[in-house]
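Chemist: what would the 3D arrangement of this be:
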Amino acid sequence: MARRTVKSSIFLGAFLALVFGFMAIASGIQSSFGAVDVKLVSIEAPGLGEITGKLYAPKTATAQAPAPGVLLMHGYQNDKDTSDAYAIELSRRGYVVLAIDEYGHGSTTVGLTARGYVNHQVKVNYGQDSVADKTYVNISGPTRYKIMVNYSNLSFFNDHYSKDAQGNSIKDSSMGGITAYAALAAYDFVDPTRLAVSGQSMGTWASWTVAAAYSGATDAAGRDISPKATVLQCGELFTDDVYDSAKIKFNNVLLLTAKFDEFAMFRDYNRTVTADLPQSALRSGFLGVPSSQAAWDTTYGSFADGSARRMELLYTNHRLVTHNAHGIAMTMDWIDQATGHTSPITPTDQVYKFKEALVFAAMLLGLAAMVALMELLMAVVPFFASVRQEQLVRSAKAKRGWAWWRGGVITMLIAGLTYPFMAQLGHGLVPVPESVFRMTVGNGFITWYVLLMIVMLVTTWTAWRKSKKTDEPLDYYDLGLATSDSPSRFGWGLLGRGALLAAVMTGFVYLMVWACEKLFLLDFRIIWPFLRTFGAARWAQFGVYILFFAAFFVLNNSKILAQMRHADASLPGWRGFVASWWHNAVGMAGGIFLVILIEYIPFFAGIGPGADLLFTSTFGGPFMSLLLVFFPQVIVLSVLCTYIFHSTRNVFVSGLVAGILSCWIIAGGSAML
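Modeler: As a prediction, the model looks like this:
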């Protein structure tokens with residue numbers, strides 16, 4: 001016991017030292033090692049609430065020598081720190097950068113409903129729709145569904161798009177960007193005549209709206225404060241008759257297009273992004289040249305009069321555009337030319353990747369510290385020591401060969417093939433009370449989880465009944481739900497102690513994140529928001545959704561780690577752990593990997609995204625693009641669950657830790673109504 005205590009203490013201390021060391025270096029990169037002041041700001045949205053932002057102000061920017069400024073806006077299910085790659089690279093080159101949490105995202109208190117909605121949907125690029133062709137249709141359903149299918153509707157469009165007969169309207173498609181742009185322009189260390197705006201995905205519609213709102217605008221001193229450049233990271237294009245081009249001018253627009261974009265509207269509703277796509281009427285019209293002259297990676301027009309246009313093709317997918325080195329380099333060069341700014345740092349000299357890697361490593365080390373804390377608590381605290389159960393050798397219950405693979409394949413197929421349908425259905429249409437269930441993506445996950453829980457309960461009950469006819473019937477210990485000394489009784493006391501231990505472990509991680517945010521203005525993430533602190537509203541939502549997440553992961557761990565345990569899991573030491581882990585990973589993440597293959601193999605083959613081909617674009621988009629961040633998350637959870645289960649021999653601690661972490665990710669990152 002003493003040896004285990006010392007070992008756990010050493011690991012805990014080492015992991016914590018590395019976490020804060022890595023985060024300190026990452027913070028240095030974020031601030032260009034003191035050359036840029038980085039701070040959180042709060043901007044009042046009159047009558048709505050507060051918009052939160054992160055301001056990057058180079059120390060060279062002063063009232064006497066104001067610097068050009070850039071407003072950054074993130075995509076759906078992201079937050080201000082998703083813009084950090086652009087913010088870091090722009091600020092170290094002398095730009096003042098304001099990255100905001102848009103309505104319903106991050107720490108902004110204004111809900112997603114402030115954007116507004118209408119009771120119609122356009123199913124092609126705007127300006128190419130018609131009622132006769134049924135590409136402009138009336139819709140009904142929950143408020144969140146109307147909001148999500150209205151992202152392409154912009155508040156500066158004519159009434160045909162932005163209002164409906166029932167009195168609904170698109171109120172502010174800038175998602176708070178108009179208010180934030182005014183705040184950026186008002187800083188005395190910012191030159192309001194040299195401003196730019198950029199957004200990704202949902203943020204591109206917000207960027208169009210900000211640029212339209214400030215087209216030809218002047219400040220109190222009579223200075224032209226219209227954006228001198230607009231950079232769209234995966235944006236939609238419109239025909240000229242959609243907006244009043246005589247009154248609205250968009251200066252120097254750069255469109256960054258992902259070759260493998262999962263969202264149909266950003267591919268102009270084509271299956272794939274092709275070499276000749278610029279020659280379409282929509283794209284050549286945007287470029288302002290005849291279709292025969294339109295091409296990728298070519299600048300048309302002039303920066304001097306604001307007519308510069310360019311479409312850059314990036315060989316990446318939708319989510320990764322935010323951290324694509326080529327796209328960032330093009331943006332640096334484009335905004336430099338539009339604002340007349342010069343920097344000794346070349347566009348290709350980029351450091352954001354080092355910050356990203358350090359923060360990711362710190363997150364993994366933070367989770368490792370959590371496990372070390374668990375071992376320490378079980379070694380020195382008698383209350384938690386009783387959570388660890390003895391291993392009962394029941395060789396007849398373990399599986400190998402086809403007996404294991406049969407269950408593994410069935411598990412993969414059920415999870416994978418139900419994911420696109422149930423997640424997307426819950427995301428938009430499941431009629432839950434929206435004043436209670438305010439997390440849009442959270443609703444998709446709990447809908448999928450409820451179906452899987454029903455399947456797990458039915459199959460467990462069936463196996464339980466069948467086992468009663470054998471010499472070794474299943475008991476609660478075999479399901480990971482009981483103590484080793486009372487295997488035939490459900491372990492209510494074990495559940496209570498395990499729940500408290502899981503709460504202490506994840507609370508410890510929350511304290512680490514809180515400290516890192518306070519000390520370094522950084523949370524735990526890799527490109528995508530994973531573990532971040534949140535305010536009262538998101539805490540309340542965590543309380544609503546945790547019941548579903550906790551129940552799902554306890555049942556999931558019972559099914560995969562306990563009932564489907566492989567015979568090789570009993571091997572000693574690391575051999576047993578690795579053998580157990582990869583089998584558990586197949587069960588937990590195999591279905592997700594299957595959907596990834598279905599989605600991307602035909603996409604990379606040049607045919608189109610699998611979900612669009614098999615199920616129509618209704619089941620593509622958000623939840624398919626989430627796969628590339630969801631899959632690594634589940635792989636990490638499979639490692640944690642396997643280790644914790646091997647250490648405790650019950651599924652309460654492992655399942656509840658996984659449930660709390662997963663719910664935390666959703667509650668911190670999901671858009672909120």
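
Chemist: just the strands in this protein please.
Modeler: Remark: strands assigned in the chain by DSSP state E are 36-45, 49-58, 67-73, 96-100, 120-122, 136-138, 190-200, 229-233, 253-260, 309-317, 524-526, 528-531.

Chemist: next, format those strands as TSV and append mean pLDDT, mean neighbour count and distance to Ala667.
Modeler: C-beta here means a position set from N, CA and C on the backbone, and glycine is covered the same way. Output for those, formatted as TSV (pLDDT from 0 to 100; neighbours: other C-beta atoms under 10 Å; distance: least, C-beta to C-beta, whole Å):
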stretch	mean pLDDT	mean neighbour count	distance to Ala667
strand 36-45	97	16	20
strand 49-58	97	22	16
strand 67-73	98	29	22
strand 96-100	98	29	20
strand 120-122	90	20	29
strand 136-138	91	14	34
strand 190-200	98	25	22
strand 229-233	98	28	26
strand 253-260	97	23	28
strand 309-317	97	20	26
strand 524-526	94	22	14
strand 528-531	91	22	11
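
Chemist: can you list the ones you listed in a markdown table and add distance to Arg565?
Modeler: Converted to a markdown table, the strands of the chain look like this (distance: least, C-beta to C-beta, whole Å):
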| stretch | distance to Arg565 |
| --- | --- |
| strand 36-45 | 47 |
| strand 49-58 | 46 |
| strand 67-73 | 47 |
| strand 96-100 | 46 |
| strand 120-122 | 48 |
| strand 136-138 | 51 |
| strand 190-200 | 43 |
| strand 229-233 | 45 |
| strand 253-260 | 38 |
| strand 309-317 | 36 |
| strand 524-526 | 31 |
| strand 528-531 | 29 |
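
Chemist: right, and those strands - which one's nearest Val381?
Modeler: Taking C-beta to C-beta, strand 528-531 is the member of the strands of the chain nearest to Val381, at 25.0 Å.

Chemist: packing partners of the longest helix along the chain?
Modeler: For the chain, the helix with the greatest residue count under DSSP state H is helix 573-604. Judged by 3 or more C-beta pairs under 8 Å, 6 or more residues apart in numbering; DSSP states H and E, helix 573-604 is in contact with strand 253-260, helix 402-428, helix 610-615, helix 627-648.

Chemist: can you give the domain ranges for the chain?
Modeler: Domain assignment for the chain by automatic domain parsing gives 37-110+174-349, 403-669.

Chemist: need these in TSV (columns: distance to Lys163).
Modeler: What follows is these, written out as TSV (distance: least, C-beta to C-beta, whole Å):
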stretch	distance to Lys163
domain 37-110+174-349	15
domain 403-669	22
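
Chemist: lowest-confidence stretch among the ones you listed?
Modeler: For these, the bottom mean pLDDT is recorded on domain 403-669, which sits at a mean of 92.

Chemist: in JSON lines, list the helices and strands packed on helix 573-604 along with distance to Ser226.
Modeler: Output for these, formatted as JSON lines (distance: least, C-beta to C-beta, whole Å):
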{"stretch": "strand 253-260", "distance to Ser226": "13"}
{"stretch": "helix 402-428", "distance to Ser226": "36"}
{"stretch": "helix 610-615", "distance to Ser226": "37"}
{"stretch": "helix 627-648", "distance to Ser226": "36"}
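
Chemist: most neighbours per residue, which of those?
Modeler: Scoring the helices and strands packed on helix 573-604 by mean neighbour count under mean count of other C-beta atoms under 10 Å gives strand 253-260 as the most buried, with a mean of 23.

Chemist: so what touches that one?
Modeler: 229-235, 237, 266, 273, 286, 308-318, 320-321, 324, 327, 330-331, 334, 600, 603-604, 609 (C-beta atoms under 8 Å, 6 or more residues apart in numbering).

Chemist: then stretch 167-174?
Modeler: So stretch 167-174 is contacted by 103, 114-119, 150-151, 153-157, 161-163, 178, 181, 205-206, 208-210, 213 (C-beta under 8 Å, 6+ apart).
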